[in-house]
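**Q** Pasted the sequence and its predicted model underneath.
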Amino acid sequence: MPKEKIQGILDSIKTNIITTNELDKSLYRKMDYESFKLTYIQRSKILRDIFKRNQKLIEELHEILKEDLTKEVANSLYEGYRQLEKEEIHDSFLLLQIIDKLIPFYEKENDYSKLLNLYNDENFELSIFLMINQEKIDKIKENIQKTMALKNHYEELGLNERKIIYYSYYNFMSYLPNYDESYIDKMISIYKEAKAFYHSEAVFKMNDQDLARREMNLLNEALLHNFMYYLDDGLCDQMEFVRIIDEIKDTFEDEMDRDLCYAVLTYLNDQMDDLEFIYYLENYHDFFYQDVLKLSFNESKDEIYVRSAKLVDAECILFDFLKHSYLPDNTKEEVAKRIITKALKYFDRVPKDRYTRLYVEEATSRIVKKALPFSSNADLKEKLFTSLILRRQELNYVHSQIVEKIAVAILDSMNETRYPLIKDMIEIGFWDFADLKGYVSRSARLHDIGKSLALGIVNQQIRSLLPDEYHNIILHPEGFQSIIEKDKDFKYYVDVIKGHHKSYDGKSGYPKDFDNTKSKYKLIIDLITIADCIDAGTDNYGRNYHDGKNFDMVFKELKDGANTLYNPDIVSYIEQNGNLMNELKYIVDDYRMELRYEIYVK
């Protein structure tokens with residue numbers, strides 16, 4: 001009975017996810033506006049029904065996970081979740097709950113085959129959510145180390161599980177240093193450990209020499225791509241790195257990697273200047289750029305991912321070196337502009353299905369973070385962020401545009417009627433109303449910039465959020481904070497980004513460690529908060545996790561929350577201006593749907 005029940009629950013969840021994906025695809029079909037509107041409304045009705053069905057399924061699954069596992073239940077959960085993984089049906093936080101329950105059970109059982117899959121799958125599910133924090137990095141590292149340790153049981157494992165051990169060494173070197181520099185000085189020792197294992201007697205006994213050779217080539221490539229960490233003597237042992245690269249320089253099968261290898265050695269031996277090296281790096285990048293332009297996207301998902309990943313790695317290498325180099329700023333900006341233009345051209349071609357979103361969101365976020373310092377002004381930086389990330393996230397993009405439209409409508413109306421609050425806003429530190437309006441517009445467009453790092457959670461439409469997901473949600477105002485705070489153009493928007501989920505009186509909301517009541521931009525935060533709530537509350541078809549409300553119902557909530565949750569002056573002003581009320585009703589009704597049509601279909 002437990003096996004059939006568990007299988008039934010997971011099969012139903014799988015069906016619901018597949019249905020949701022198909023509904024999402026239907027929005028991109030060529031159609032006229034009225035057909036799109038009907039399609040969007042029908043999609044919402046179906047998603048609301050799926051949401052209710054999934055709630056019951058999740059509750060049943062949670063009851064199973066509360067109990068101590070028997071072998072029968074554990075095996076049923078394992079088989080069920082593994083089937084979802086094989087079919088690439090991802091609901092990461094739900095799968096992580098199952099995996100976290102199974103790992104201790106199979107560790108006690110010493111079931112190494114199952115454990116290797118569990119460690120590997122958990123790392124994948126953790127890494128595809130972009131709101132990476134130290135806790136997740138530590139968990140990924142722990143799983144990688146546990147996987148490496150199981151090489152001592154190599155001869156007891158099947159081929160697929162043996163491959164996971166090789167993946168763990170590659171992931172340690174290619175993934176972890178991107179998020180925590182403390183792993184950089186361990187790379188060479190891990191590389192040597194891997195090399196010794198790949199040439200071990202156990203590998204020979206299992207006749208895995210060809211597998212080990214292929215994986216050694218990938219490890220060599222990972223080490224080569226990390227050359228940036230060895231340009232500064234203070235970080236790592238540069239001489240040992242040069243020795244290893246010199247030793248393996250003729251082993252690369254890819255001609256481009258051999259050329260890069262020789263260029264790196266020449267540069268590190270002070271026989272090439274920064275401009276010459278940039279020339280090599282750009283040629284290296286362009287090779288992979290031309291390769292991905294040949295993709296028809298009918299190839300296997302793994303092939304698409306691998307070829308795309310090579311391009312993204314090459315882009316990140318270029319940006320990292322630009323940051324390190326002593327080239328003139330205008331030269332850096334010219335190179336960065338060429339790379340960004342090519343990235344935009346490629347990612348515009350990538351289909352917007354669920355699988356490609358997983359790697360595109362991660363890839364474009366990496367590119368944006370590294371490219372921002374080389375855009376000379378706020379307009380270019382916002383265009384970079386919007387073009388590479390936000391325009392692929394339709395729900396977030398529509399939301400940011402509507403919040404801007406609402407905030408500016410309120411601001412314009414206040415200015416036309418000479419409402420005293422406008423004077424108070426200008427005196428924050430703006431030259432005039434036009435300067436203030438520009439700031440409010442950009443604040444609205446950027447207010448949810450951190451949400452782009454938690455896309456799969458924020459846009460969860462088919463069940464309520466799990467506790468871990470909600471924890472990630474409340475981190476979203478801080479998602480890009482570390483980058484934006486250091487940016488000379490974007491740092492002025494940090495308070496609005498952090499404060500738009502705080503209450504007017506500062507006593508509730510998140511993040512808890514930010515006091516919006518003491519912010520210089522308090523009035524702007526209040527305005528964006530109200531605009532944000534009006535859009536979120538009235539979005540009956542885009543947010544299928546709450547009951548639909550019209551503008552009047554949402555505005556009553558604003559009035560009820562005035563003085564505590566919302567700025568009473570702004571709420572009172574809206575209520576007293578009938579023309580403004582009518583404009584806001586139009587924005588959240590007809591205009592929002594028209595905007596969706598422009599984004600999805602046109």
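**A** Arrived safely. Residues are numbered from 1 along each chain as shown.

**Q** what's the spacing between stretch 491-504 and its chain's center?
**A** If you compare the mean C-alpha spot of stretch 491-504 with that of the full chain, they lie 21 Å apart, counting by C-alpha atoms, centre = their mean, to the nearest Å.

**Q** Could you pull out the buried residues of that stretch?
**A** 492, 493, 494, 495, 496, 497, 498, 499, 500, 501, 502, 504 (16 or more other C-beta atoms under 10 Å). C-beta coordinates here come from the backbone N, C-alpha and C atoms, glycine included.

**Q** Identify the farthest-apart pair in the residues you listed.
**A** 492 and 504 (21.6 Å; C-beta to C-beta).

**Q** where does the stretch 51-200 of the chain have low pLDDT?
**A** 128-132 (pLDDT under 70).

**Q** Show the residue spans covered by the helices in it.
**A** Taking DSSP state H, counting those that start in this stretch to define them, one finds helices in the stretch 51-200 of the chain at 71-86, 92-109, 112-128, 134-149, 159-174, 187-198.

**Q** just the helices in the stretch 351-500 of the chain please.
**A** Per DSSP H, counting those that start in this stretch, the stretch 351-500 of the chain carries helices over the ranges 354-371, 378-388, 394-416, 420-426, 433-446, 455-458, 467-473, 481-486, 494-499.

**Q** how far off helix 433-446 does the third one point, in degrees?
**A** With axes from the mean of the first three to the mean of the last three C-alpha atoms, to 10 degrees as the criterion, the two stretches helix 394-416 and helix 433-446 enclose an angle of 160 degrees.

**Q** same for helix 394-416, what does it pack against?
**A** Where contact means 3 or more C-beta pairs under 8 Å, 6 or more residues apart in numbering; DSSP states H and E, helix 394-416 is packed against helix 420-426, helix 433-446, helix 455-458, helix 522-538, helix 568-575, helix 578-586, helix 592-600.

**Q** between the helices of the stretch 351-500 of the chain, which gets nearest to residue 271?
**A** Going by C-beta to C-beta, the one of the helices of the stretch 351-500 of the chain nearest residue 271 is helix 354-371, 26.8 Å.

**Q** average pLDDT for that closest one?
**A** For helix 354-371, mean pLDDT is 74.

**Q** how far does it sit from the chain's center?
**A** With C-alpha atoms, centre = their mean, you get 6 Å for helix 354-371.

**Q** Give me the residues contacting stretch 154-173.
**A** 112-113, 116-117, 119-120, 123, 140-141, 144, 147-148, 150-151, 183, 186-187, 190-191, 193-194, 197-198, 200, 202-203, 205-206, 208, 211-212, 215, 218-219, 222-223, 226 (C-beta atoms under 8 Å, 6 or more residues apart in numbering).

**Q** Show me which of those residues are buried.
**A** Applying 16+ other C-beta under 10 Å to the contacts of stretch 154-173, the neighbour count classes 112-113, 116-117, 119-120, 123, 140-141, 144, 147-148, 150-151, 183, 186-187, 190-191, 194, 197-198, 202-203, 208, 211-212, 215, 219, 222-223, 226 as buried.

**Q** Help me confirm that residue 271 is found in a strand?
**A** No: per DSSP: H, G, I helix; E, B strand; the rest coil, residue 271 lies outside any strand segment and is coil.

**Q** And this protein, split by domain according to the record?
**A** Listed domain ranges for the chain are 128-226, 273-392, 393-600 (source: automatic domain parsing).

**Q** would you list those domains in CSV and tack on distance to residue 8?
**A** Supplementary listing: those in CSV, determined by distance: least, C-beta to C-beta, whole Å:
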stretch, distance to residue 8
domain 128-226, 26
domain 273-392, 23
domain 393-600, 17
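
**Q** Let me know which of those is the nearest to residue 60.
**A** Among the domains of the chain, the nearest to residue 60 by C-beta to C-beta is domain 393-600 (12.4 Å).

**Q** start to end distance for that closest one?
**A** For domain 393-600, the first-to-last residue distance is 10 Å (C-alpha to C-alpha, to the nearest Å).

**Q** And that domain, how far out from the chain middle?
**A** Centroid separation between domain 393-600 and its chain, computed with C-alpha atoms, centre = their mean, is 21 Å.

**Q** as a whole number, average confidence for stretch 256-275?
**A** 91.

**Q** now it, how far from the chain's geometric center?
**A** For stretch 256-275, the distance to the chain centre is 33 Å (C-alpha atoms, centre = their mean).

**Q** Could I get the CA-only coordinates of that stretch as CSV?
**A** Presented in CSV, the C-alpha positions along stretch 256-275 are these (Å, rounded to 0.1, in the frame of the first residue of the first chain):
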residue,chain,number,x,y,z
MET,A,256,41.0,26.3,-28.6
ASP,A,257,41.9,25.0,-25.1
ARG,A,258,45.5,24.3,-26.3
ASP,A,259,45.8,27.8,-27.6
LEU,A,260,44.4,29.2,-24.3
CYS,A,261,46.8,27.1,-22.4
TYR,A,262,49.8,28.5,-24.3
ALA,A,263,48.5,32.1,-23.9
VAL,A,264,48.0,31.6,-20.2
LEU,A,265,51.5,30.3,-19.8
THR,A,266,53.0,33.1,-21.9
TYR,A,267,51.1,35.7,-19.9
LEU,A,268,52.1,34.3,-16.5
ASN,A,269,55.7,34.2,-17.7
ASP,A,270,55.5,38.0,-18.4
GLN,A,271,55.9,37.4,-22.1
MET,A,272,52.6,38.9,-23.2
ASP,A,273,50.9,42.2,-22.1
ASP,A,274,47.3,42.7,-21.1
LEU,A,275,46.1,43.9,-24.6
